[in-house]
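*Asks:* whatever this is, show me its structure:
(chains A and B)
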Number of protein chains: 2
Amino acid sequence: MPSTFPIQPRRATYFHVTVNGFVRSVRKQKRVAFAALGDGSSLEPLQVVLSPEQAEGLSTGTAVRISGQWSQSPGKKQSHELHAEEVALLGEHDAQSYPLQKKYHTPEFLRTIPHLRPRIPQNALLLRLRSQVIASLTSFFGEHDFVQTHPPIITSSDCEGAGEVFTVESAPDSSVTKATGEQVLLNDHFFRSPKYLTVSSQLHLEALAQSVGKVWTLSPTFRAEKSDTPRHLSEFYMLEAEICFTDNLESVMTLVENMLRHTAGVLQMSKIGEEILEARSDEHSKEEQDGTASAQDLHTRWSGMASASWPRLSYEDAIDLLQKAVTSGRSFEFEPKYGSALQAEHEKFLASHVGQGKPIFITDYPRDIKAFYMAPSDSVQRQRSDGETVACFDLLVPDLCELAGGSLREHRISQLLEAMKRQGLVAPDLDGQISNLQWYLDLRRYGSVPHGGFGLGFDRLLSYLSGIPNVRDVVTFPRWYGRCDC
Amino acid sequence: MPSTFPIQPRRATYFHVTVNGFVRSVRKQKRVAFAALGDGSSLEPLQVVLSPEQAEGLSTGTAVRISGQWSQSPGKKQSHELHAEEVALLGEHDAQSYPLQKKYHTPEFLRTIPHLRPRIPQNALLLRLRSQVIASLTSFFGEHDFVQTHPPIITSSDCEGAGEVFTVESAPDSSVTKATGEQVLLNDHFFRSPKYLTVSSQLHLEALAQSVGKVWTLSPTFRAEKSDTPRHLSEFYMLEAEICFTDNLESVMTLVENMLRHTAGVLQMSKIGEEILEARSDEHSKEEQDGTASAQDLHTRWSGMASASWPRLSYEDAIDLLQKAVTSGRSFEFEPKYGSALQAEHEKFLASHVGQGKPIFITDYPRDIKAFYMAPSDSVQRQRSDGETVACFDLLVPDLCELAGGSLREHRISQLLEAMKRQGLVAPDLDGQISNLQWYLDLRRYGSVPHGGFGLGFDRLLSYLSGIPNVRDVVTFPRWYGRCDC
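*Replies:* Prediction:
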């Protein structure tokens, strides 16, 4: 197979190379033509010098194989260039109708062609970023003795009890007669009863953590929400981890902090990180209007994430801070009030004022505004006298706000059952009739052990790290309410 | 946090340790008690020596934290043991009703408790095996400049045209009035039109390969098949890769071969590999009745996979071999016949007679029994005069048969369109009306380039490597027709 570029010159003079790639642009003059070639491995194009005859048939988007001499370039933009000897077109290309001509395209337009959008060098860079972050997480968890797992996608359980789930059925099979009751059941539901796409792997990870102690997964997660925001998708990747033998929320937060510090550190030192910053420095005003973060912004984000000792403050202290801000004249649409959920505007204020560029943890929320499975706050100082709090955290980052959430899990069966009743997951008089979650209660019935974990929106993390403000633009084939192209 | 074991003694004498774990078994004598402790990190238990009082409340399955002296053991089964000083029960445990008492359980019974089954040391080992294989694949592809991607799970396309798909809908929303046509559409389908769970990521990977050249994914895949075999699941992980700039099937096969050789090599050299062999040598007759492979079988499988130069033979030669076998007295249920698909019995014969323990590639099947997207055979020698063949392969391994399949993809738009018509994916008179796959045709319309790739059943690979004969027992929460527990 021919070698691919980018090619580093091994000698001061020149040598013969063959490269494969796609034409990014071509400039034809009377006696000579220049083509910029890319293969997705680098933002930087490779300059090819051709005769006007060789350049015939080349347009933006054409796939080519070019052989020639790799020589020092008299141009200022590149140290070397390829003097073409043989040019082969590798396949068809309808240059006239090609939607990705070399000019600015709005994100909205690009979302209508998700199958072609990855060919834009910036989008190829996003693919490489995703791959690098996956690899750095895989090595982080491996080094920390976590077992990577594949929890199920089709489940019986709705983890949060939130209800906005997708249902899964096989296409109707009219050929089978509905003779017996059994037949009817099987035909009505492929799995005998209604099943859903997972909204979180947490419950299943809890079962796996009791097997091997520390587990993680990076797997697809689904919400049938009709949210139309830059931060929500109907299908997204979630990074989740669960640890047994801990009764200490601090240890879970430290894990999240170490993991993200590792990820940001790898990014800062990598070629991909360099390229992202480079791309952002070159940006034109149109991209700025999209809300794409500048190189300086990204530098701040990455440094904050790579730094140590992220602030940790309780929900109660956060409310105090917000109320003091109101007293000092800051106005919010929603009044900050103990017992109510933090609104995006509150989180935004906290993330930018408390962290000084670092991510921050908000801990120990009131029990009644959090999910049923959380354990009571583990630190006496953090317990309030006037209401119960739970040992949980949200991780907030500037601009984007909530990136991750975690908690200690209630590991005592009667308290867990109480919480499920309180949140209406089981009718109080139907003790034991919560068939969907009996298996989850079993985890407390047999060999129960204190444990905790977290979940992190992986696509949001990539959005934050890359500075692309809309999560629909960091996922290649994004799905949201009313939209599922390709 | 307390340290976890297995602990390697650092001194000849003893020192003080604290371990967390679950009691695997406990043996109480008059003056002393012995507990075997496990935490999933090792098949080997840790022996704890306790007083009868300390052992009170300990049963198979209890979660405990034990501190004490780590000392040389007079016993023959272990070099060291833990002399308990403090014993803490970490949570509740209903020893009476615990289903996993220390005895033989049938695979069928264990499948009814998938949430508890991972606690069996052998199943914890399977979780660790999965994690190790993922990690070794991640590093293999990273070293070979492949970009790891997350293709979509919810899609519009049915890759093989096979039809056995799951449909995805949001739970019905009765609160929204069906006023306008638009509203009705949105309410009837969350994504405006019917959507499915992916049956293969190949088509989407082809789009991504045109961005960054070489891509791979390990992601969930779904088939609503009613197959009831040890090799089929409704939800399974598929490893898929796609490479641009190749018109050579050999290069795709070599990639598969190198990848699996790497995986088997890592396994052979690893602690997990050692443990699997150890477990299989200890096996009792009951496990053998399950069909679990013996240590010797596994040794052969791993060596075969770690060896070089796997046989590659054409479908035509395979049929010849099968027919010669029939002439020599071998009987098959289905007659081997050129133009018909290879049956499992044929594959089994080929895998065991041709490979001598190595996996084998069968290449260049007749066009009409393969998927629409395959390119014609690339080697003139392999082209038959009496019928067209395609540049594809199936990878067969002894016992399990088909493990992977791949091909060059048809990259010429008119030939692709022809193939789609031939296979009934588009009505011949409705040129251009194949709305679901227009985007896929676009990949050939714009910057088309020769490419190829493969897909491998990841859970089947783990089944083969671990010797667990039923894929339902290597997946923690298996889903198949009529069954989706937890």
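*Asks:* near chain B, which residues of the stretch 301-450 of chain A show up?
*Replies:* Residues of the stretch 301-450 of chain A that fall close to chain B, judged by C-beta under 8 Å from any C-beta of the partner chain: A:411-413, A:439-440, A:442-450. Glycine gets a C-beta too; all of them are placed from N, C-alpha and C.
*Asks:* so which of those residues belong to helices?
*Replies:* A:413, A:439-440, A:442-445 (DSSP state H).
*Asks:* could the residues you listed be laid out in CSV, adding neighbour count and pLDDT?
*Replies:* Shown next, in CSV, are these (neighbours: other C-beta atoms under 10 Å in any protein chain shown; pLDDT from 0 to 100):
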residue, neighbour count, pLDDT
A:I413, 18, 95
A:W439, 20, 94
A:Y440, 22, 95
A:D442, 21, 97
A:L443, 23, 98
A:R444, 23, 98
A:R445, 18, 97
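*Asks:* and the two most separated of these?
*Replies:* Greatest spatial distance in those: A:I413 and A:W439, 12.9 Å, computed using C-beta to C-beta.
*Asks:* which stretches of the stretch 51-200 of chain A form strands?
*Replies:* A:63-72, A:80-89, A:147-148, A:154-155, A:166-170, A:195-197 (DSSP state E, counting those that start in this stretch).
*Asks:* what of the stretch 251-400 of chain A?
*Replies:* A:312-314, A:360-363, A:392-397.
*Asks:* quick one: list the elements packing against the second one.
*Replies:* To tie it back to what came earlier, the one meant is strand A:360-363. Other helices and strands packing on strand A:360-363, by 3 or more C-beta pairs under 8 Å, 6 or more residues apart in numbering or on different chains; DSSP states H and E, are helix A:249-269, strand A:312-314, helix A:315-327, helix A:344-354, strand A:392-397.
*Asks:* does chain B sit close to the longest one?
*Replies:* Yes: with C-beta under 8 Å from any C-beta as the criterion, chain B is reached by helix A:249-269 at A:S251.
*Asks:* and that helix, how far out from the chain middle?
*Replies:* When distances are taken as C-alpha atoms, centre = their mean, to the nearest Å, helix A:249-269 is centred 15 Å away from the chain's centroid.
*Asks:* could you do stretch A:206-225 as well?
*Replies:* Using C-alpha atoms, centre = their mean, the offset of stretch A:206-225 from its chain centre is 15 Å.
*Asks:* just the endpoints, please. Distance across it?
*Replies:* The first and final residues of stretch A:206-225 sit 25 Å from each other (C-alpha to C-alpha, to the nearest Å).
*Asks:* farthest-separated two in the residues of the stretch 301-450 of chain A next to chain B?
*Replies:* Within these, A:W439 and A:P450 form the most distant pair, 19.5 Å apart (C-beta to C-beta).
*Asks:* related to what we said a few turns ago, what would the strands of the stretch 251-400 of chain A look like in CSV with mean pLDDT and mean neighbour count?
*Replies:* Formatted as CSV, the strands of the stretch 251-400 of chain A follow (pLDDT from 0 to 100; neighbours: other C-beta atoms under 10 Å in any protein chain shown):
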stretch, mean pLDDT, mean neighbour count
strand A:312-314, 96, 19
strand A:360-363, 98, 26
strand A:392-397, 97, 26
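*Asks:* which of the ones you listed sits closest to A:V252?
*Replies:* The nearest among the strands of the stretch 251-400 of chain A, by C-beta to C-beta, is strand A:392-397 at 7.5 Å.
*Asks:* does A:G405 lie in a helix or a strand, and which?
*Replies:* Using DSSP states H and E, A:G405 maps to strand A:401-409.
*Asks:* which residues touch that strand?
*Replies:* Strand A:401-409 is contacted from outside by A:206, A:231, A:246-249, A:252-253, A:256, A:344, A:347-348, A:351, A:359, A:370-371, A:373-375, A:378, A:390-397, A:450-457, A:460-461, A:464, using C-beta atoms under 8 Å, 6 or more residues apart in numbering or on different chains.
*Asks:* okay, the angle between that strand and helix A:249-269?
*Replies:* For strand A:401-409 against helix A:249-269, the angle by axes from the mean of the first three to the mean of the last three C-alpha atoms, to 10 degrees is 140 degrees.
*Asks:* give me the mean pLDDT for strand A:401-409.
*Replies:* Strand A:401-409 shows a mean pLDDT of 96.
*Asks:* give me the beta-bridge partners of A:L50?
*Replies:* Beta-bridge pairing for A:L50 (DSSP bridges): A:A33.
*Asks:* show me what contacts it?
*Replies:* A:32-35, A:58, A:84, A:87.
*Asks:* how about JSON lines for those residues, with neighbour count added?
*Replies:* Converted to JSON lines, the contacts of A:L50 look like this (neighbours: other C-beta atoms under 10 Å in any protein chain shown):
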{"residue": "A:V32", "neighbour count": "13"}
{"residue": "A:A33", "neighbour count": "20"}
{"residue": "A:F34", "neighbour count": "16"}
{"residue": "A:A35", "neighbour count": "28"}
{"residue": "A:L58", "neighbour count": "23"}
{"residue": "A:A84", "neighbour count": "20"}
{"residue": "A:V87", "neighbour count": "20"}
